[in-house]
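*Asks:* Can you look at this prediction? I've put the sequence above it.
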Amino acid sequence: MELPSCVREGEAPWKKMSKEELQTQYSPSKWAIHREAEETLKTFSQIGEQATKKARASRKNLLGVAYGDHEAEKLDIYFPMGESEVWPLFMFIHGGYWQSGSKDQSAFVVNPLTGQKVAVVIVGYDIAPKGTLDLMVDQVTRSISFLQKQFPRNEGIYLCGHSAGAHLATMMLLTDWTKQEVTPNLKGLFLVSGIYDLEPIIHTTMNESLSLTLEAAQRNSPQLLLEATQTQPGDPAAQVLVIVGQQDSPEFKRQSKNFYKMLLQKGWNASFEEFQDVDHFEIVWNLTREDFELTQEVWSTTDPAQ
Ligand SMILES: N[C@@H](CC(=O)c1ccccc1NC=O)C(=O)O
């Protein structure tokens, strides 16, 4: 079925797509080439659960630390090996279209990073339908303020978001931290296969749980917010790495490239990277491997000596 003509007009390619094509473009599992879609999603969950079980069994940790009053406002902290009390903080924000996933199956990067003197935080937030996008953005904002207050001597806070989590991480670039109790020492963002213009999502089945209106989608679209802002970057030195997998869908790649270009236009210290031979899910589950190039890039970026 064709989209209504009022949506079809306009320059964005998604506006000319049928509902079915749009749904496919925003279903990353359908673009996996190493396994079928269902097996891809099942493998992603299994690896996330195994990595989390391994991290909890092998790393010093604090689980379920409350950063707010909601039941979901909790985070897990995994501490680096060694005696140092000062380290970079790396926060992973899980994806799942703001309606699936949890901190309890997302500790992919914990063991490689904590082995390299980086503390890793996996943050939880209220997913839809209980949580709204506005609430999730507020929760991630408050979780970062909480970390800055708990660890004021940190050697930088780095955010890594996957897919919908990359959207939430990106919204932190646009947060007015003067309204928070503290301004975090944000030094870098890793935006993995993110979504930056939420309007297309309204026309997919993912919106059945989200119930996004056009206004709410636009209000929560970093692509549109950044385009409209004249303010300079909070910290022009903060590194923003925009990342996609070679097997991400054309729409996911287009969104990331467009957002990267907008970051550059607005004076951010941004870079773009397409990781070869990985899909939307492998690019994250490969973070369990020390030899994966993104793991290595995270190591070098978070190294205080660099
Ligand atoms: N229904 C989606 C699932 C999905 O996109 C997804 C699943 C787990 C973690 C991240 C995801 N992507 C966006 O947040 C798909 O079929 O690919």
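*Replies:* Cool, the structure landed. Numbering: from 1, shown residues only.
*Asks:* can we go C-alpha only for contacts and neighbour counts from here?
*Replies:* Will do.
*Asks:* Up against the ligand, what does the chain have?
*Replies:* Listed as neighbours of the ligand in the chain under the rule C-alpha under 6 Å from any ligand atom: 27, 28, 29, 95, 96, 97, 163, 164.
*Asks:* just the buried members of those residues?
*Replies:* 27, 28, 29, 95, 97, 163, 164 (16 or more other C-alpha atoms under 10 Å).
*Asks:* correct me, but residue 106 touches residue 50?
*Replies:* No. Judged on C-alpha atoms under 8 Å, residue 106 makes no contact with residue 50 at a distance of 9.4 Å.
*Asks:* and the two? which has more neighbours close in?
*Replies:* residue 106 (26 against 15; other C-alpha atoms under 10 Å).
*Asks:* Show the pLDDT at the closest residue to that one other than its chain neighbours.
*Replies:* Setting aside the residues directly before and after it, residue 106 is nearest to residue 48 in space (C-alpha to C-alpha, 6 or more residues apart in numbering), at 5.1 Å. Looking at residue 48, its pLDDT stands at 98.
*Asks:* Enumerate every residue touching residue 48.
*Replies:* Counting by C-alpha atoms under 8 Å, 6 or more residues apart in numbering, residue 48 touches 105, 106, 107, 108, 285.
*Asks:* ditto for residue 188
*Replies:* 156, 157, 158, 159, 238, 239, 240, 241, 301.
*Asks:* among those residues, which two are most distant?
*Replies:* 156 and 241 (15.6 Å; C-alpha to C-alpha).
*Asks:* more neighbours, those two?
*Replies:* Just comparing residue 156 and residue 241: by other C-alpha under 10 Å the higher neighbour count belongs to residue 156, 22 against 19.
*Asks:* okay, the contacts of residue 48 in TSV with pLDDT and distance to residue 185 next?
*Replies:* Below are these laid out as TSV (pLDDT from 0 to 100; distance: C-alpha to C-alpha, whole Å):
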residue	pLDDT	distance to residue 185
105	98	27
106	98	24
107	98	22
108	98	24
285	98	27
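*Asks:* which of those residues has the most neighbours?
*Replies:* Result: residue 107 is most packed of the contacts of residue 48 (other C-alpha under 10 Å), 31 neighbours.
*Asks:* tell me the secondary structure for that residue?
*Replies:* In three-state terms, and counting by DSSP: H, G, I helix; E, B strand; the rest coil, residue 107 is coil.
*Asks:* gap between it and residue 246?
*Replies:* 23 Å (C-alpha to C-alpha, to the nearest Å).
*Asks:* Of the residues of the chain next to the ligand, which belong to helices?
*Replies:* residue 164 (DSSP state H).
*Asks:* now, which of the residues of the chain next to the ligand sits nearest residue 60?
*Replies:* So of the residues of the chain next to the ligand, ranked by how close each gets to residue 60 (C-alpha to C-alpha), first place is residue 95, at 24.9 Å.
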